[in-house]
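Asks: here you go, sequence then predicted model.
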Amino acid sequence: MRILYACDDFGIKPGGVKGASIHVRSILRALAGLGHEMHWLSPYMNVGATFPAAPAGPRENVLPPGVNALRARLRNHGLDGDVSGEIRSLLFNDTAIEMAGEALATCPPDAVVERL
């Protein structure tokens with residue numbers, strides 16, 4: 001079965017050492033071990049990257065222009081951290097939709113699993 005695992009959380013990095021990253025890799029590894037073809041949709045992976053695969057690093061232009069300026073402005077107003085992270089996620093939505101559409105067209109899955 002071809003499964004697309006979608007996770008657009010910037011805090012969950014393919015090579016990360018925190019619990020959420022380890023959890024996602026463990027789920028993908030276990031399903032791949034059962035013979036499923038796993039594709040991981042993430043801000044840090046190429047569209048539809050087959051798992052296991054080496055992380056591609058952050059995708060270029062994954063966020064709309066001006067995000068760094070917005071972050072700096074929020075920081076200047078004491079709104080760093082959680083608020084800027086939430087805004088980053090909202091700004092990423094359009095890109096995530098495009099990435100999902102490309103992944104669905106490139107490697108049509110039998111099932112989609114979405115984290116968060």
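Replies: Thanks, I have the structure now. What you see is a predicted model, and the numbers here were worked out from it, not measured in a lab.
Asks: mean confidence for stretch 15-26?
Replies: Averaged across stretch 15-26, the pLDDT comes to 89.
Asks: what pLDDT does residue 88 get?
Replies: pLDDT, read off for residue 88, is 73.
Asks: where do the helices of this protein begin and end?
Replies: For the chain, applying DSSP state H gives helices covering 19-33, 67-76, 82-106.
Asks: what score does the most centrally placed residue in the chain have for pLDDT?
Replies: Nearest to the mean C-alpha position of the chain, by CA atoms, centre = their mean, lies residue 42 at 2.1 Å. Residue 42 is assigned 84 on the pLDDT scale.
Asks: got a list of what it touches?
Replies: Going by CB atoms under 8 Å, 6 or more residues apart in numbering, residue 42 touches 6, 7, 8, 12, 14, 49. For glycine as for every other residue, the C-beta is placed from the backbone atoms N, C-alpha and C.
Asks: any idea how far the closest residue to the third one other than its chain neighbours lies from residue 75?
Replies: Closest residue to residue 8 in three dimensions, ignoring its sequence neighbours and counting by CB to CB, 6 or more residues apart in numbering: residue 96, at 4.5 Å. Look at residue 96 and residue 75: by CB to CB, to the nearest Å, they are 24 Å apart.
Asks: ok, the two, which is more surrounded?
Replies: In terms of neighbours (other CB atoms under 10 Å), residue 96 is the more surrounded of residue 96 and residue 75; the figures are 17 against 13.
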